[in-house]
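Engineer: sequence and predicted structure below; questions after.
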Amino acid sequence: MRPLFGNVRDVQRFLNVLPVILEAIREDLALEDLLTLEALRIQTPDVLSKMAESIDALTTVSGPFIGEPDTYGASRTEELSAILDTAGVLRPVVEQALQRLFPASGRYLGNMHYGHEWLRTWRKNRRVAHAAVFRFYLEKNLPPGSLSAGRIQRLFEALGDPDTLRTMLRNLSTAELEYALERLEDYEDDYPQDAVESAVRVLLECWTRLPNRSPVMAPSPEVKMSR
């Protein structure tokens with residue numbers, strides 16, 4: 001970030017916006033990502049505008065097979081080149097920022113590949129490398145039926161406390177419950193073993209609340225619960 005600031009005035013402008021943005025979305029965005037994006041927004045607004053138009057190029061991970069054809073490779077490479085061209089003399093700084101904020105873009109910027117398994121980690125850690133997190137930053141608003149990262153974290157922490165978990169789940173709408181089940185799967189590797197039995201019992205109490213539908217291209221609510 002340092003090369004983005006040319007003088008004390010630049011630094012002051014950056015510091016002036018931080019309290020508001022931190023209050024608004026700090027809970028849902030990794031702090032390092034938030035600070036970097038805000039520095040880019042203030043000092044190179046045209047670059048951030050280009051980034052907002054190139055979400056797929058920045059966040060799409062590689063397929064399961066290395067070397068498989070990339071239908072959109074050429075167009076996404078052009079989009080990333082356009083972002084860097086917009087940066088002008090700050091091109092090296094912006095390129096480094098892109099590769100740190102959006103590792104998946106490395107397939108076009110540096111031949112680095114990240115597979116689908118990384119998406120869970122990025123979303124759990126509130127990194128803009130996940131498209132949903134980056135869109136949240138751009139829109140500053142959670143989609144209907146979703147929950148903040150902080151509330152998901154508190155649900156995870158309540159897995160070993162059946163009374164608290166039961167109360168928290170009862171206060172969720174049907175859409176929020178389905179979203180919570182999907183997001184809790186991000187914590188699969190962190191589940192405390194001594195919480196499994198009580199958590200499963202409470203979760204199964206919610207089974208009858210699940211919507212009765214079978215999406216064509218996504219797991220059904222029942223599948224999310226089973227997972």
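Structural biologist: Right, received. Where do you want to start?
Engineer: so how far is the helix or strand where Gln99 lies off the chain centroid?
Structural biologist: Here Gln99 sits within helix 91-101, counting by DSSP states H and E. Relative to the centre of its chain, helix 91-101 is centred 18 Å away, using Cα atoms, centre = their mean, to the nearest Å.
Engineer: which elements pack onto that helix?
Structural biologist: Secondary-structure packing of helix 91-101 (3 or more Cβ pairs under 8 Å, 6 or more residues apart in numbering; DSSP states H and E): helix 31-43, helix 73-87, helix 106-109. Glycine gets a C-beta too; all of them are placed from N, C-alpha and C.
Engineer: what lies in contact with the first one?
Structural biologist: Just to be clear, that refers to helix 31-43. With contacts defined as Cβ atoms under 8 Å, 6 or more residues apart in numbering, helix 31-43 is touched by 1, 4-5, 10, 13-14, 17-18, 21-22, 25-26, 47-48, 51, 90, 94, 97, 100-101, 126-128, 133, 137.
Engineer: mark which of the residues you listed are buried, thanks.
Structural biologist: Neighbour-count burial (16 or more other Cβ atoms under 10 Å) applied to those gives 4-5, 14, 21, 25, 47-48, 51, 90, 94, 97, 101, 126-128, 133, 137.
Engineer: show me these that map onto strands.
Structural biologist: Counting by DSSP state E, no part of the buried ones among the contacts of helix 31-43 is found in strands.
Engineer: which helix runs longest in this structure?
Structural biologist: helix 8-25 (DSSP state H).
Engineer: between helix 31-43 and that helix, find me the angle.
Structural biologist: Angle, helix 8-25 to helix 31-43, by axes from the mean of the first three to the mean of the last three Cα atoms, to 10 degrees: 130 degrees.
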